[in-house]
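A.B. asks: Okay, sequence plus prediction incoming.
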Amino acid sequence: MIKLEDLIIMSYSSIIVMDGNFEVLVISNNGHLDMSYLSKKLLDSKIYRIESVNNYINVWLEEEKE
């Protein structure tokens, strides 16, 4: 499974974290992103769905099971 951190590192596109049909977080990545602003929990989140739309990468993250 791909983690959000892996996608950010490998991509120079903006990544949009989605919740259903809604944008939750936009990560603009031009190759110089300071990931220290993002939590370790968010970066370790696994992606369960990914699609490319108009030069953006939309991702849906797996929900944490408690």
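C.D. replies: Yes, it's here.
A.B. asks: so Leu25 touches Val17, yeah?
C.D. replies: Yes. With contact defined as C-beta atoms under 8 Å, Leu25 counts as touching Val17 (4.1 Å). The way it works is simple: take the backbone N, C-alpha and C, and place the C-beta from them, glycine included.
A.B. asks: buried set for stretch 18-30?
C.D. replies: For stretch 18-30, a neighbour-count test (16 or more other C-beta atoms under 10 Å) marks Met18, Ile27, Asn29 as buried.
A.B. asks: Can I get those residues in TSV including distance to Glu51 and pLDDT?
C.D. replies: Shown next, in TSV, are the buried residues of stretch 18-30 (distance: C-beta to C-beta, whole Å; pLDDT from 0 to 100):
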residue	distance to Glu51	pLDDT
Met18	9	96
Ile27	16	92
Asn29	17	77
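A.B. asks: of all these, which comes closest to Lys65?
C.D. replies: Using C-beta to C-beta, Met18 comes nearest to Lys65 of the buried residues of stretch 18-30, at 19.4 Å.
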